[in-house]
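Visitor: I'll drop the sequence and a predicted model, then ask my questions.
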Amino acid sequence: MPYLWAQAGPLKRPVVLETDWSLEQQESMAPLYFNRAPRRGPRRKLSELSERALFAQVSLFTPISNWAADGLRRAGVEDRRIRVLHPGVDLSLWKPRPRRVHEGPLKLLFVGGDFARKGGHILLQVMRERFARDCVLDVVTREDVPETPGVTVHRCEPNSPDLVRLYQEADLFVMPTRAECFGHVSVEAMASGLPVIVGDVGGARDIVDHGETGWLVRPEAGALADALAAAIANRYIL
């Protein structure tokens, strides 16, 4: 918005806008992303006017998911100005290693800086109540999460050797996220050869083919437990 003046008259030039979401989608997730209620009234109207002023200057939108593209369409953007462009990962870094079936607990990996929004507490509850004997869990987060028997907490930088190692040592990636635009970590997991269990929110359906490359679940304990049980039952073909 501060640069719209640079599109006035002879200064106008093509603008490409990459976006995670539309204003409508942002506000629908505001309680989980920003710890506030969705904007309403005059503040929402002002935000909508700002969005329309910005969007009117854009030649091409490159939303990172079909979910985000649908939000643009509901905001009035024509299909001819939308091209979905998914984020990728460096396949020279994120790559599978030969996997061996091993006895003992299934090794789960959770990666999420915002532990609560990413469904970390849901995963810990399900682990504690139903899968303490069947699974062990590595958690990568920036938050203070207490370690318990079977749960190990790590601090890893993005794309670091330690993080790559955790992906390669895991059997299954689990992130029952409650609000998400596009799960980059799910792409890292799949590039590392892992099946995934992720929350069916945002652009997750662009990443995971449910029942083939993983499970899309409602971000709640019951649905996550059912998916984990299915993963354990099928571990010899994972």
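Guide: Here it is on my side, so go on.

Visitor: for L91, which non-adjacent residue is closest in space?
Guide: In space, and not counting its chain neighbours, L91 is closest to A191: 6.1 Å by CB to CB, 6 or more residues apart in numbering. In short, each C-beta sits where N, CA and C put it, glycine included.

Visitor: residues contacting R73?
Guide: By CB atoms under 8 Å, 6 or more residues apart in numbering, the contact list for R73 reads D79, I82.

Visitor: please identify which helix or strand holds it.
Guide: For R73, the element it lies in under DSSP states H and E is helix 66-74.

Visitor: next: N35.
Guide: Going by DSSP H and E, N35 is not part of any helix or strand.

Visitor: what does the one 4 residues further on give?
Guide: Element membership for R39 (DSSP H and E) is empty, with no helix or strand holding it.

Visitor: need the contact list for the residue nearest to the spatial centre of the chain.
Guide: By CA atoms, centre = their mean, the chain has its centre lying nearest to G183, at 2.2 Å. Neighbour list for G183: M175, T177, V198, G202, G203, A204, I207 [criterion: CB under 8 Å, 6+ apart].

Visitor: change it to 7 Å
Guide: M175, T177, V198, A204, I207 (CB atoms under 7 Å, 6 or more residues apart in numbering).

Visitor: ok, now how distant is it from S47?
Guide: 26 Å (CB to CB, to the nearest Å).

Visitor: now do the helix or strand just after the helix holding R73: everything it contacts.
Guide: Next in sequence after helix 66-74, counting helices and strands by DSSP H and E, comes strand 106-111. When contacts are defined by CB under 7 Å, 6+ apart, strand 106-111 is touched by residues 120, 123, 134-140, 166-167, 169-175, 185, 231-232, 235.

Visitor: can you flag the buried ones in those?
Guide: Buried members of the contacts of strand 106-111, scored by 16 or more other CB atoms under 10 Å, are 120, 123, 134-140, 166-167, 170-175, 185, 231-232.

Visitor: narrow those residues to those in helices?
Guide: With helices taken from DSSP state H, the overlap with those comprises G120, L123, L166, Y167, V185, A231, I232.

Visitor: tell me where this structure has strands.
Guide: Secondary structure of the chain (DSSP state E): strands located at 16-19, 60-63, 106-111, 135-140, 151-154, 172-175, 196-199, 214-217.

Visitor: export only the CA atoms of the last one, formatted as PDB.
Guide: Written as PDB, here are the backbone C-alpha positions of strand 214-217 (Å, rounded to 0.1, in the frame of the first residue of the first chain):
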ATOM      1  CA  GLY A 214      -0.600 -39.600   3.900                       C
ATOM      2  CA  TRP A 215      -3.700 -38.700   5.900                       C
ATOM      3  CA  LEU A 216      -5.600 -35.400   6.000                       C
ATOM      4  CA  VAL A 217      -7.300 -35.100   9.400                       C
END
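
Visitor: other residues contacting that strand?
Guide: Contacts to strand 214-217, defined as CB under 7 Å, 6+ apart, come from residues 176, 195-200, 204-205, 208, 210, 223-224, 227, 230.
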